[in-house]
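Have a look; sequence and predicted model below, questions after that.
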Amino acid sequence: MLRKIALEELALDEPLGRTLYGEDGVLLLRKGRRLQAAQVDALRKQTNGAVFVYDEGDEGAASQPSREATGQPASAGSSPHCIPFQPQAAARIERLVETTSEMVSQLAELLLDEELTDVTPFQRASDNLLREIQGDPDQTLHEVLVSQDDRQLAQRCTQLSVLSMSLALELKLDEVKVRQVGTAALLHDTPLFGLDEAQRVPSPQMTAASRNLFRNHPLLADRLLEPVRGVDLNVRAVVRQAHEQLDGSGFPIRLTSGRIHNLARLVNIADAYLTLLDPGLGREGIIPADAMAYLVHHTCEGRFDPAAMKALLQTLSLYPIGSLVALSDGSQARVLRARRDHPQQPVVIRLDASQTIIDLADASLTIREPLNDSAHPRRRLPSHQIGEVMWGLHVA
Ligand SMILES: [Fe+2]
């Protein structure tokens, strides 16, 4: 059963025993996170002073919190795009990400030990993720990209797989290619599982040897796949080329545009977006809207594929799904769904007691500015930094 609890009942500075959901089904904070006072303040602004949890063993089995139970009016607006998220789906996707990440971690160890003989388990993992994306792409992206603790490598692979497949679907690629890009995204960081955490992300402290190892991880991943049955050649090409940039500034072999596989270009921009949001090693990320503006700039500079960039904009919107924004009437809202045909006007949900869902493409309101989210604090990107290159080996 879903149970409503007051924010005052939550214990500060202790790991959450249950995942917290909003009345609209939006996953607010995942279990295990240590709750800080600033997060409770943020939750107070986003909710009616209460959140929802599943009773033990019941997560995913209960129904959506009823409006009658909460005393709230139906929040969907008149636009057909104003569809609330489903708490059941949120819990199901959460479990899927957990199990996928666990499996990716175990399979990567097997691959590193040269004990994996068949690639089918990776394909099945990306197929399961694909089914969720095909069901509700916006909610899947919200749960996977925004709500996860993405600092763990296996979860990062899962995020990369989901975002890359979403871009492939946006470009209307056939399902074989969508599955290939999803599988390649799960596989391409395999060699990093064998390294200490500090060596998995480029940094100024890295030794030349570690830096070289990082530079070559796509080639090492490809080599590990050589004896494995059932690995498509497209998958191997994407694994090798996921970090190559169109202008030849990427790695490991500085390929240029015409020689980079179309699917690798999708993984490349998805990886850059995730790195900008969460660079790892405790470094502060950039808020999603600024990361998007930054990638548009670098696409114009010739580093990313324009079609991949367009797909990213249409998939997440210019103010990406899950991010907070200030509206032109002074209220605050969270981006709920992308409007493919209106990347600057997504569907949002107000953070006040009304929890009204608004299709901005069908309303007189506009987005005034993106906001930082105290549940996932990141920094704004000053305009003088937009020309800097801040992903891949360039961050070292
Ligand atoms: Fe990588």
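Received it, and whenever you're ready, just let me know what you need.

what ranges do the helices span in the protein?
Here the chain has its helices, by DSSP state H, at 37-46, 67-70, 87-112, 120-135, 137-141, 153-170, 175-187, 208-215, 217-225, 233-241, 262-277, 288-300, 306-316.

In CSV: those helices, plus distance to residue 254 and mean neighbour count.
In short, each C-beta sits where N, CA and C put it, glycine included. Below are these laid out as CSV (distance: least, CB to CB, whole Å; neighbours: other CB atoms under 10 Å):
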stretch, distance to residue 254, mean neighbour count
helix 37-46, 43, 16
helix 67-70, 56, 12
helix 87-112, 26, 19
helix 120-135, 28, 19
helix 137-141, 31, 24
helix 153-170, 22, 26
helix 175-187, 20, 25
helix 208-215, 10, 15
helix 217-225, 12, 20
helix 233-241, 11, 22
helix 262-277, 13, 24
helix 288-300, 16, 20
helix 306-316, 19, 22
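
Lowest mean pLDDT across those, which one is that?
The minimum mean pLDDT among the helices of the chain belongs to helix 67-70 (a mean of 38).

Can you tell me which residue sits nearest the middle of this structure?
Nearest to the mean C-alpha position of the chain, counting by CA atoms, centre = their mean, stands residue 145 at 2.2 Å.

picking up where we left off before, which stretch among the helices of the chain approaches residue 29 most closely?
Counting by CB to CB, residue 29 lies closest to helix 37-46 out of the helices of the chain; the figure is 6.7 Å.

Show me what the closest one is packed up against.
strand 27-29 (3 or more CB pairs under 8 Å, 6 or more residues apart in numbering; DSSP states H and E).

still on that earlier bit, quick one: which of the helices of the chain is nearest residue 378?
For the helices of the chain, the distance to residue 378 is smallest for helix 262-277, at 6.8 Å, taking CB to CB.

helices or strands up against the closest one?
Checking 3+ CB pairs under 8 Å, 6+ apart, helix 262-277 ends up next to helix 153-170, helix 175-187, helix 233-241, helix 288-300, helix 306-316.

Report the inter-axis angle for that helix versus helix 233-241.
40 degrees (axes from the mean of the first three to the mean of the last three CA atoms, to 10 degrees).

Pull helix 262-277 out as PDB, backbone CA atoms only.
Extracted C-alpha coordinates of helix 262-277, given in PDB (Å, rounded to 0.1, in the frame of the first residue of the first chain):
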ATOM      1  CA  ASN A 262      26.300   7.000 -36.800                       C
ATOM      2  CA  LEU A 263      25.300   5.000 -33.600                       C
ATOM      3  CA  ALA A 264      28.600   6.000 -31.900                       C
ATOM      4  CA  ARG A 265      27.700   9.600 -32.400                       C
ATOM      5  CA  LEU A 266      24.500   9.100 -30.300                       C
ATOM      6  CA  VAL A 267      26.500   7.400 -27.500                       C
ATOM      7  CA  ASN A 268      29.000  10.200 -27.700                       C
ATOM      8  CA  ILE A 269      26.600  13.100 -27.100                       C
ATOM      9  CA  ALA A 270      24.700  11.100 -24.500                       C
ATOM     10  CA  ASP A 271      27.900  10.400 -22.600                       C
ATOM     11  CA  ALA A 272      28.900  14.100 -22.800                       C
ATOM     12  CA  TYR A 273      25.500  15.200 -21.400                       C
ATOM     13  CA  LEU A 274      25.800  12.800 -18.500                       C
ATOM     14  CA  THR A 275      29.400  13.800 -17.800                       C
ATOM     15  CA  LEU A 276      28.400  17.500 -17.700                       C
ATOM     16  CA  LEU A 277      25.700  16.800 -15.200                       C
END
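
what does the domain assignment say about the chain?
Following automatic domain parsing, one gets these domains for the chain: 1-72, 73-395.

Spatially nearest residue to residue 10, not counting backbone neighbours?
Leaving aside its sequence neighbours, residue 10 sits nearest to residue 35 (CB to CB, 6 or more residues apart in numbering; 5.8 Å).

Touching, the one you found and residue 16? I think so.
Yes. With contact defined as CB atoms under 8 Å, residue 35 reaches residue 16; the gap is 5.8 Å.

quick one: pLDDT of the residue nearest to the centre of the chain?
In this model, residue 145 is scored at 88, pLDDT.

list residues touching both of residue 35 and residue 16?
10, 29 (CB atoms under 8 Å, 6 or more residues apart in numbering).

picking that back up, residues contacting the residue nearest to residue 10?
10, 11, 12, 13, 14, 15, 16, 29.

Okay, the fourth one and residue 6: tell me how far apart.
Same thing as residue 13. Distance of residue 13 to residue 6, computed by CB to CB, to the nearest Å: 18 Å.

Mind putting the contacts of residue 35 into a markdown table with distance to residue 126 and neighbour count?
A markdown table is the format used below for the contacts of residue 35 (distance: CB to CB, whole Å; neighbours: other CB atoms under 10 Å):
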| residue | distance to residue 126 | neighbour count |
| --- | --- | --- |
| 10 | 36 | 19 |
| 11 | 38 | 10 |
| 12 | 39 | 10 |
| 13 | 38 | 8 |
| 14 | 35 | 9 |
| 15 | 30 | 10 |
| 16 | 29 | 18 |
| 29 | 27 | 21 |
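
Taking the residues you listed, tell me the two that lie furthest apart.
Once CB to CB is applied, those give 13 and 29 as the farthest pair, at 13.9 Å.

Quick check: closest non-adjacent residue to residue 381.
Nearest one to residue 381, counting by CB to CB, 6+ apart, is residue 290 at 3.9 Å.

Tell me who's in contact with that neighbour.
Applying CB under 8 Å, 6+ apart, one finds that residue 290 lies in contact with 370, 380, 381.

I figured the second one hits residue 373, correct?
No. Between residue 380 and residue 373 no contact is recorded; they are 12.0 Å apart, counting by CB under 8 Å.

count of residues packed around residue 197?
The number of residues packed near residue 197 is 12, by other CB atoms under 10 Å.

Next, the contact list for it, please.
By CB under 8 Å, 6+ apart, residue 197 lies in contact with residue 281.

same question, residue 34
Residues near residue 34 by CB under 8 Å, 6+ apart: 13, 14, 15, 16.

Please tell me how far it sits from residue 199.
Taken as CB to CB, the span from residue 34 to residue 199 is 26 Å.
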